[in-house]
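**Q** Build me a model from this:
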Amino acid sequence: MPAKGTSLSIQSIEQMKASKLAKLKSKYNWNIIDPYLDKEINISSRNRVKTFITLREFKKLIEEGVSLKEVRKMTSKHLIQFYSNLSQGKIHLSKEKFAEEYKNGLKLFDIAEKYKISKDDIGFLRQLYGKKSTGAKYQDRMNTEVPLTQRQKDILYGSMMGDAKKQSPSSVSFGHSEQQKDYLFWKHKNFENIASEKSFKCTTSIDKRSERENKKWGFYTYANTDVEKCIMEFYKSGEKEVNEEILEKLTPLSIAIWFCDDGKMSFSYRSKTIKNYNSNPYCCLCTESFSKQSCELIAKWFETQYNIKTYLKEKPLSNKMGYRINIDCENTSKFITLIKNYIPSMFNYKIDFDAYVEYRKEKETQKIGDNFINCPLGVDFSALNMKKQDYYIHNFVDYFQKQGIDFLINKPDSWERHMSLVIRYDTKNLMRDGFIDFSHIGNKFLMSHFPNYWEAKAKGSLSPKEIFENKEYLSEIIRKIITDGYFPNEQKILRGLRRYRGNKQASGFMPLVAKTIYNKYCDENSKVFDFCGGYGGRLFGALSCDKVKSYSAIELNFESYCGLNDLYRTLRLHGNIEKEVTLFNQDSILGMSQFVDKSFDFCFTSPPYYNAEEYDDDKHQSSIKYHNYSDWFEKYLIGAIKEARRISKKVAINIANTGGYKIADDLRKWLNDNNINFIEDQLRSPQFGGKWRFEPVFVF
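**A** Model (predicted):
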């Protein structure tokens, strides 16, 4: 030690530092923290100036000789003190003991006091051990919650194998369709002591393909420890999957509920009734949502546990290959024997042939308009003699033709909901990598403003109205619907008119796709223009887009022009839309000549695809006015685009190749030849057979 007042040499200072570092390092037992080296812990300063570091980073800094004082400057000093205390073995509370104390309702403050741990350290320790915060609400739950009965556990596990899903880490939601609401009520009755009454409700959604309104009944449970354990078992990997521990908990009641949720039975009804065969039933479990590994585990478990042999059958899904558990005729009887005493009575039709026959008969009578109409369906209809079949078909044709096609296409009953869905819809849901997806939502409401839409037709095809008014064609459509086992309601017939013998229908632009395009390419407060107003999809999309300030359009067809005005009135009066709309009934190119340069911010349209569709016989229609494709392309399409470029700062054109005419290819070449910089977006829409069609949108 040097005398007082004298300074230390550099060598002495380095020796002292080395001594301190060695002493510091000797205090740490890194084995203690090995399981937690990369665990993230939330600190109040994490999103501020100071950054978070892990135990691995803390260990590295200490081993590199950085002092605790310097390390504390890098992040929360409380966190570093915790790391230091933990690494030195000063915290004598294991993960298992902490979990036990916490589960028994002991508060963090009490645990800290009991084990002589600081207030800061006990908070960090809870996070390190992966235990969620349990405040007063959790403590109250632990003191008041009722454990699930064995019956409730059986139903819960069976439902989770089927349609039930995680609502929260400790709550499960149950949901079933309108047709199965009695089953949902039955489940709610079994869980009423832990089910939230406020959660029990009916919700309505609209299918983006068919615009069909689907009602769903549902409820969810309160947070519960037994429910939480079940959820943790099913969601170990983040996705709902099955493991051996889950299968061991399945009882015959669980399997019965699973079958009610996701099971199907085939009684070979046609063979029994038409051919008088004594066919045995077979069934399957719809397990497509599980991985192949889970499905293979289930199949093995059935054979090991119950000697029921099953096999997997591939089931293509939208984005992957799924698998069903199939049970053949020989093993189905064992399966039914296993579950039949546990099946709720409303599902007897799934396991009993006589109940199934009664279930089929209930579907033979439905309400159409204000009338209840009866008709045998599927094989029962085919079993009738030809005169009796013709009798039913004639009655349907006579009924619908007396009502007129307007009966099929009037505004949906909940048209305000269809309208508001488009207005509120977040277009990010349609944005994909490289294309914009489709959605038919809003189309039914939209087309109810355009009666002339049903008179338009694709080239060489019939219009839906022409098909509807032909007794022979309508009879064939209705006959096919009935023999396929469906009741010929308004929606089924309208779909049949669109698809009759490969007939092509005139197209309308989907409002949500238009809204997505406006959101993607418009700036705020954009004035948009459309030189082919059409059937209102772009008008509807523009008025529902927050970026659009005003919409102006030209439409040559007078009936479509009237429909656009009618649609705007509806949106203004019932959609609370007050944006400025200006509509013109005149020729596109002539109409655009009245505007000064750059009057609009964005021009977007989808012009006629030459003569691919026939809207009416007006001589001013572009495909009638120009008798050959080259004239139409140069004088109409390019002429209109030139005018659109003059009056608008940005232009987007949706057009595609059709038949023998390569319109999109020709437009692409014209843009390149004229040195016009452009980008191409893609619109995706479904085709028959599960295929997709892509159409370009040229933006320049």
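
**Q** Excluding covalently adjacent residues, which one is nearest to Glu476?
**A** Nearest residue to Glu476, sequence neighbours excluded (Cβ to Cβ, 6 or more residues apart in numbering): Tyr500, at 7.6 Å. To be clear about C-beta, it is placed using only N, CA and C from the backbone, and glycine gets the same treatment.

**Q** surely the one you found meets Tyr473?
**A** Yes. Applying Cβ atoms under 8 Å, one finds Tyr500 in contact with Tyr473, separated by 6.2 Å.

**Q** what do the two both touch?
**A** Common contact partners of Tyr500 and Tyr473 (Cβ atoms under 8 Å, 6 or more residues apart in numbering): Leu462, Ile467.

**Q** Got the confidence number for the residue nearest in space to the middle of the chain?
**A** In the chain, the residue lying closest to the centroid (Cα atoms, centre = their mean) is Asn429, at 8.6 Å. For Asn429, the pLDDT comes out at 89.

**Q** Which helix or strand contains the closest residue to Asn190 other than its chain neighbours?
**A** Leaving out its chain neighbours, the residue that sits closest to Asn190 by Cβ to Cβ, 6+ apart is Ile155, at 5.5 Å. Here Ile155, judged by DSSP states H and E, is contained in helix 150-161.

**Q** What are the contacting residues of the next helix or strand after that helix?
**A** Per DSSP H and E, the first helix or strand lying C-terminal to helix 150-161 is strand 165-168. Strand 165-168 is contacted from outside by Val172, Ser173, Tyr220, Thr221, Ala223, Ile231, Phe234, Tyr235, Lys240, using Cβ under 8 Å, 6+ apart.

**Q** Give me the sheet partners of strand 165-168 and which way each runs.
**A** For strand 165-168, sheet partners with direction are given as strand 171-177 (antiparallel), following DSSP bridges.

**Q** The strand it pairs with: which residues count as buried?
**A** Of the residues in strand 171-177, Ser171, Val172, Ser173, Phe174, Gly175, His176 count as buried by neighbour count, 16 or more other Cβ atoms under 10 Å.

**Q** That one versus helix 150-161: what angle between them?
**A** Orientation of strand 171-177 against helix 150-161 (axes from the mean of the first three to the mean of the last three Cα atoms, to 10 degrees) gives an angle of 70 degrees.

**Q** Can you give the distance from strand 171-177 to the centre of its chain?
**A** 16 Å (Cα atoms, centre = their mean, to the nearest Å).

**Q** Heading C-terminal from it, find the next helix or strand.
**A** Using DSSP H and E, the helix or strand that follows strand 171-177 in sequence is helix 181-190.

**Q** What angle do strand 171-177 and that next one make with each other?
**A** With the same axes, to 10 degrees defining the directions, helix 181-190 sits at 160 degrees from strand 171-177.

**Q** and helix 181-190, what does it pack onto?
**A** If you count contacts as 3 or more Cβ pairs under 8 Å, 6 or more residues apart in numbering; DSSP states H and E, helix 181-190 packs onto helix 150-161, strand 171-177, strand 213-220.

**Q** helix or strand right after it?
**A** Downstream of helix 181-190, the first helix or strand assigned by DSSP H and E is strand 201-206.

**Q** got the contact list for that next one?
**A** Strand 201-206 is contacted from outside by 178, 181, 212-219, 414, 417-418, 421, 441, using Cβ under 8 Å, 6+ apart.

**Q** List just the nearest of the buried residues of strand 171-177 to Arg572.
**A** Using Cβ to Cβ, Gly175 comes nearest to Arg572 of the buried residues of strand 171-177, at 36.6 Å.

**Q** That closest one reaches Asn214, doesn't it?
**A** No. Using Cβ under 8 Å, Gly175 is not in contact with Asn214, being 11.0 Å away.

**Q** can you give me the strands in the stretch 251-400 of the chain?
**A** Per DSSP state E, counting those that start in this stretch, the stretch 251-400 of the chain carries strands over the ranges 263-266, 282-285, 311-316, 321-327, 365-368, 371-374.

**Q** Out of those strands, flag the one nearest Leu61.
**A** When those are compared by Cβ to Cβ, strand 321-327 sits nearest Leu61, at 49.1 Å.

**Q** Restrict that closest one to CA atoms and write it as CSV.
**A** Extracted as CSV, the C-alpha positions of strand 321-327 are listed here (Å, rounded to 0.1, in the frame of the first residue of the first chain):
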residue,chain,number,x,y,z
MET,A,321,-53.6,-30.8,-47.6
GLY,A,322,-55.8,-31.9,-44.7
TYR,A,323,-56.7,-35.4,-43.4
ARG,A,324,-59.9,-37.0,-42.2
ILE,A,325,-60.2,-40.0,-39.8
ASN,A,326,-62.3,-42.5,-41.8
ILE,A,327,-64.0,-45.5,-40.1
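
**Q** in the stretch 601-700 of the chain, which segments are predicted with low confidence?
**A** Counting by pLDDT under 70, the low-confidence segments of the stretch 601-700 of the chain come to 612, 615-624, 688-690.
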